[in-house]
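**Q** Sequence and predicted structure, then a few things I'm wondering about:
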Amino acid sequence: MRLAVLYSGGKDSTFAMYLAQQMGHEIPYAVSMIPEKGESWIFHVPNMDVVPKMADAMGVISITAGTNGTEEGDMEGLKKALSGLDVEGVVTGAVWSDYQWDRINRICDELSLKVISPLWRKDQDMVLNELIDSGIKALIIGCYAEGFDESWLGRLIDEDAANDLRKLKDARGISVIGEGGEYESFTLDSPTYRYPLQILGCEKEWDRNSGTLKVLDIGPADQ
């Protein structure tokens, strides 16, 4: 089918897009929601301003829509972004969030679009392993749970990081893929990218037990 991917720039939406392409689907659009006030009930928030450059790296058309960050605003913005696109369905990176799943499906039902969610209800440890094995290179750019410290910001999600995330899971009960909002990620390279990216400018913000790596600009990585 011809599909649009709901793309946040994080690891899950990148991995879901890759898996959908492996199934044989065509994905010409990356649809991203840009919260006006840096808050959203449904969607990933950090570093959305640079997502169009990530779409360029993937060779797809970036479709963005604004939202005021409320649940109603998120849903109205998504409906507006998807309306009129020449697609049969939507790819999502949803894994375990019933809240997100329900609201995205509701909008797609209204627009007669099918929902493709390759990660839905998969074991989270398995998802993390398969994501790393796929060649996706993603950094942790937001930490919002006890157990994380500032050293996690900018850390590559590789096997060593996965082992440490599992230790945090045992100690603190976190989701190893951040499904509970424990952390957010930012993709620099993947099989969906035509060329890898690098961060050209960033700011680190940390306060007590949480913080964000704000990405100011990105560009093609030096080959």
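**A** Perfect, thanks for sending it.

**Q** C-alpha only now, for contacts and for neighbours.
**A** Fine.

**Q** The closest residue in space to L82 that isn't next to it in sequence and G9, how far apart?
**A** The spatially closest residue to L82, leaving aside those adjacent along the chain, is V31, at 7.7 Å (CA to CA, 6 or more residues apart in numbering). V31 sits at a distance of 10 Å from G9 (criterion: CA to CA, to the nearest Å).

**Q** Is the residue nearest to L82 within a helix or a strand, and which one?
**A** strand 26-35 (DSSP states H and E).

**Q** give me the number of residues near the residue nearest to L82?
**A** Burial measure for V31: 25 neighbouring residues, criterion other CA atoms under 10 Å.

**Q** so it touches V5, yeah?
**A** Yes. Look at V31 against V5 with CA atoms under 8 Å: they come within range, at 6.0 Å.

**Q** Show me the strands in this protein, by range?
**A** Secondary structure of the chain (DSSP state E): strands located at 2-6, 26-35, 61-67, 89-91, 114-116, 137-143, 183-189, 197-207, 210-220.

**Q** Save those strands as CSV, and put in mean pLDDT and distance to P52 too.
**A** Output for the strands of the chain, formatted as CSV (pLDDT from 0 to 100; distance: least, CA to CA, whole Å):
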stretch, mean pLDDT, distance to P52
strand 2-6, 96, 12
strand 26-35, 90, 8
strand 61-67, 85, 5
strand 89-91, 96, 17
strand 114-116, 96, 22
strand 137-143, 96, 17
strand 183-189, 95, 13
strand 197-207, 95, 12
strand 210-220, 94, 10
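
**Q** Columns distance to K167 on top of the ones you listed, output as CSV?
**A** Formatted as CSV, the entries for the strands of the chain read as follows, by distance: least, CA to CA, whole Å:
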stretch, distance to K167
strand 2-6, 31
strand 26-35, 33
strand 61-67, 36
strand 89-91, 31
strand 114-116, 32
strand 137-143, 16
strand 183-189, 15
strand 197-207, 22
strand 210-220, 18
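
**Q** I104 is nearest to which of those strands?
**A** Distance to I104, taken as CA to CA, is lowest for strand 114-116 among the strands of the chain, at 8.3 Å.

**Q** Mind giving me the packing neighbours of that closest one?
**A** Secondary structure elements in contact with strand 114-116, counted by 3 or more CA pairs under 8 Å, 6 or more residues apart in numbering; DSSP states H and E, are strand 89-91, helix 98-110.

**Q** Pull out the buried positions in stretch 163-178.
**A** Within stretch 163-178, the residues that qualify as buried are L165, R166, L168, I174, S175, V176, I177, G178, counting by 16 or more other CA atoms under 10 Å.

**Q** Can you give me the distance of G135 to R103?
**A** Between G135 and R103 the distance, using CA to CA, works out to 30 Å.

**Q** L3 too?
**A** L3 sits at a distance of 18 Å from R103 (criterion: CA to CA).
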